[in-house]
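> Just need the structure, nothing else, for what follows:
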Amino acid sequence: MSTEIGSGAGDAALRRCIACSSDEFARGHWGRAPLLTRSAELGRDFTDLLSAAAVDELVSERGLRTPFLRMAKEGTVLAQARFTRGGGAGASVTDQAADDKVLAAMADGATLVLQALHRTWPPLVRFATDLAGELGHPVQINAYVTPPENQGFAAHYDVHDVFVLQVAGRKRWTIHEPVVLDPLDNQPWENHRAEVSARAAEAPVIDAVLEPGDALYLPRGTIHSAVAQGETSIHLTVGVHPISRYQLVRQLLDLAQDDPALRASLPMGVDLSDPAVLADELADTVRLLHERLDAIAPADVARRVGVDLMRRTRPEPIGPLAQLDAAATLTPSSVLRLRPRLRIRVESDEQELRLVLLDRTHRLSLEAADAVKALMTGASVCVDELPGLDGDDRLELGRTLLRAGVAVLA
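Below is the predicted model of the structure:
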């Protein structure tokens with residue numbers, strides 16, 4: 001038996017970005033159309049996620065290194081020497097953020113980009129974890145800090161969906177229809193500069209100034225540019241990397257290589273670039289591929305997609321020292337729950353139960369199956385109430401799951 005499980009429910013993080021229901025967003029906007037939502041509709045701003053003081057702390061006190069920050073001006077990315085230097089005594093690195101250099105570059109009109117804040121700033125770590133769990137797709141978060149009346153990047157499109165969350169200041173956004181629908185990672189806007197420039201010269205579908213607390217959703221491929229208005233603008237770009245049908249195709253092709261007939265060498269001594277020569281071989285290959293694809297079970301593809309999601313998403317953070325202490329002091333009255341947003345595959349056969357994580361597998365006795373099943377529902381369970389085990393075995397399972405980072409104290 002194999003079950004893919006990702007705990008966590010609700011849409012609280014998504015509702016920070018949209019005022020409509022998640023169902024309405026899924027039907028009318030997800031991957032289809034931009035959505036502008038004003039702060040009055042959302043009911044709160046985004047200063048709990050990031051603030052000007054947080055930006056200063058990240059740049060001056062957190063020891064950020066490239067690529068966790070970059071700077072750009074008028075469409076050109078600055079050389080890292082313009083805003084970094086060595087870390088000084090005890091830090092043998094050469095590319096830490098230099099607050100005085102960042103200051104000078106911003107005074108000259110450059111935009112500061114703080115990248116991968118879903119890994120470095122605690123409020124955004126939590127927000128990204130929740131949003132990825134709600135959407136079912138990986139999430140990244142960058143912040144863009146642009147001086148007044150300046151522009152960091154020219155009109156372009158992204159190969160991932162975007163939620164723009166305006167934190168401070170005002171920024172004018174100009175939105176145009178795509179020139180490439182649903183672009184993949186290997187179809188960046190730089191490959192279509194002329195078409196993007198021509199489309200950006202047409203009448204926009206949205207031309208709006210985002211105020212603090214406003215949110216804007218853009219499907220991948222949507223052409224956009226933004227210019228800060230009369231004050232420094234800070235906005236978050238929440239990038240959503242959707243699992244696409246093309247990725248399913250890639251998974252299917254990877255599974256197709258299990259067929260020896262599809263691995264066979266083509267004939268020698270002939271010109272394989274000649275369509276007439278290749279025609280029969282191609283027809284046979286298509287037939288064999290069709291047969292192989294028809295035989296692939298959805299569970300085989302789902303397992304591979306699950307591994308990909310394990311690699312690209314993170315569960316709720318845990319403290320290693322806190323987990324070790326919790327395991328050491330666990331009692332029958334302690335209450336456990338599955339680590340929120342954890343993606344884990346549960347397998348079993350006649351000999352054992354296996355908890356499969358990204359880079360390790362924990363093997364348990366079959367007697368633990370009912371207890372594990374109870375935790376996998378996401379409910380909080382008292383150790384003394386874990387089903388199918390006696391007292392000592394319950395405590396031992398609880399300690400094992402805490403040390404493995406599978407369970408946490410409720």
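
> Poorly predicted segments of this structure, please.
1-9 (pLDDT under 70).

> cutoff 50 now
1-8 (pLDDT under 50).

> contacts for the top helix by length along it?
Longest among the helix segments of the chain by residue count, using DSSP state H, is helix 275-295. By C-beta atoms under 8 Å, 6 or more residues apart in numbering, the surrounding residues in contact with helix 275-295 are L252, L255, A256, D258, D259, A261, L262, L266, P267, V270, D271, L272. All C-beta spots, glycine's among them, are computed from the backbone N, C-alpha and C.

> go again using 7 Å as the cut-off
L252, A256, D259, A261, L262, L266, V270, D271, L272 (C-beta atoms under 7 Å, 6 or more residues apart in numbering).

> What are the buried residues along that helix?
L289, R292 (16 or more other C-beta atoms under 10 Å).

> how about the helix or strand just after that helix: buried residues?
Using DSSP states H and E, the helix or strand that follows helix 275-295 in sequence is helix 298-312. Neighbour-count burial for helix 298-312 flags V301, R303, R304, G306, V307, L309, M310 (criterion: 16+ other C-beta under 10 Å).

> Now do the second one against L309, distance only.
In other words, R303. R303 is 11 Å from L309, where distance means C-beta to C-beta, to the nearest Å.

> follow-up on the earlier one: hey, C-alpha coordinates of the longest helix of the chain in PDB?
The C-alpha trace of helix 275-295 is given here as PDB (Å, rounded to 0.1, in the frame of the first residue of the first chain):
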ATOM      1  CA  PRO A 275      12.600  11.300 -43.600                       C
ATOM      2  CA  ALA A 276      12.000   8.400 -45.900                       C
ATOM      3  CA  VAL A 277      14.500   6.200 -44.000                       C
ATOM      4  CA  LEU A 278      13.200   7.300 -40.600                       C
ATOM      5  CA  ALA A 279       9.500   7.000 -41.400                       C
ATOM      6  CA  ASP A 280       9.100   3.300 -40.600                       C
ATOM      7  CA  GLU A 281      11.200   3.500 -37.400                       C
ATOM      8  CA  LEU A 282       9.300   6.500 -36.200                       C
ATOM      9  CA  ALA A 283       5.900   4.700 -36.800                       C
ATOM     10  CA  ASP A 284       7.100   1.700 -34.800                       C
ATOM     11  CA  THR A 285       8.400   3.900 -32.100                       C
ATOM     12  CA  VAL A 286       5.000   5.700 -31.800                       C
ATOM     13  CA  ARG A 287       3.200   2.400 -31.700                       C
ATOM     14  CA  LEU A 288       5.500   1.000 -29.000                       C
ATOM     15  CA  LEU A 289       5.300   4.300 -27.000                       C
ATOM     16  CA  HIS A 290       1.500   4.200 -27.200                       C
ATOM     17  CA  GLU A 291       1.400   0.700 -25.900                       C
ATOM     18  CA  ARG A 292       3.800   1.600 -23.000                       C
ATOM     19  CA  LEU A 293       1.900   4.700 -22.100                       C
ATOM     20  CA  ASP A 294      -1.400   2.800 -22.000                       C
ATOM     21  CA  ALA A 295       0.100   0.400 -19.500                       C
END
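
> circling back to that earlier point, rebuild the buried residues of helix 298-312 as TSV, extending it with distance to L36.
TSV is the format used below for the buried residues of helix 298-312 (distance: C-beta to C-beta, whole Å):
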residue	distance to L36
V301	36
R303	39
R304	37
G306	34
V307	36
L309	30
M310	34
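
> From the centre of this protein, point out the most distant residue.
G269 (48.5 Å; C-alpha atoms, centre = their mean).

> On the three-state scheme, Q166 is what?
Under the three-state scheme (DSSP: H, G, I helix; E, B strand; the rest coil), Q166 adopts strand.

> in the sheet, who's paired with it?
Applying DSSP bridges to Q166 gives these bridge partners: H235.

> just L338 next, same as before
Here L338, judged by DSSP bridges, has bridge partners A407.

> and it, how far is that from A410?
10 Å.

> neighbour count winner among those two?
For the pair L338 and A410, the greater number of neighbours falls to L338 (27 against 12), based on other C-beta atoms under 10 Å.

> Just list the residues touching the more buried one, thanks.
Contacts of L338 (C-beta under 7 Å, 6+ apart): S7, L375, M376, G378, V406, A407.

> got the phi/psi numbers for the third one?
Translated: M376. When read as degrees, to the nearest 10, the backbone of M376 gives phi -70, psi -10.

> and it, how many neighbours does it have?
17.

> And it, how far from H160?
For M376, the distance to H160 - C-beta to C-beta - is 30 Å.

> Please apply the same query to A201.
Distance from A201 to H160, by C-beta to C-beta: 25 Å.

> Find the helix or strand that L395 is a member of.
helix 391-403.

> who touches that helix?
Contacts for helix 391-403 (C-beta under 7 Å, 6+ apart): 323, 326-327, 330, 332, 334, 336, 368, 371, 383-384, 386, 389, 407.

> How about stretch 157-168?
Counting by C-beta under 7 Å, 6+ apart, 17, 31, 46-47, 50-52, 178, 183-185, 187-189, 196, 210-223, 233-242 sit against stretch 157-168.

> Stretch 185-204: which residues count as buried?
Those would be W189, H192, V196, R199, A200, P204, for stretch 185-204 by 16+ other C-beta under 10 Å.

> In helices, which of those residues fall?
Per DSSP H, the buried residues of stretch 185-204 map to helices at V196, R199, A200.

> out of the residues you listed, which one sits closest to T174?
A200 (7.5 Å; C-beta to C-beta).

> Number of residues surrounding the residue lying closest to that closest one once chain neighbours are set aside?
Using C-beta to C-beta, 6 or more residues apart in numbering and skipping residues adjacent in sequence, the residue nearest A200 is A155, 3.8 Å away. For A155, the neighbour count with other C-beta under 10 Å is 21.
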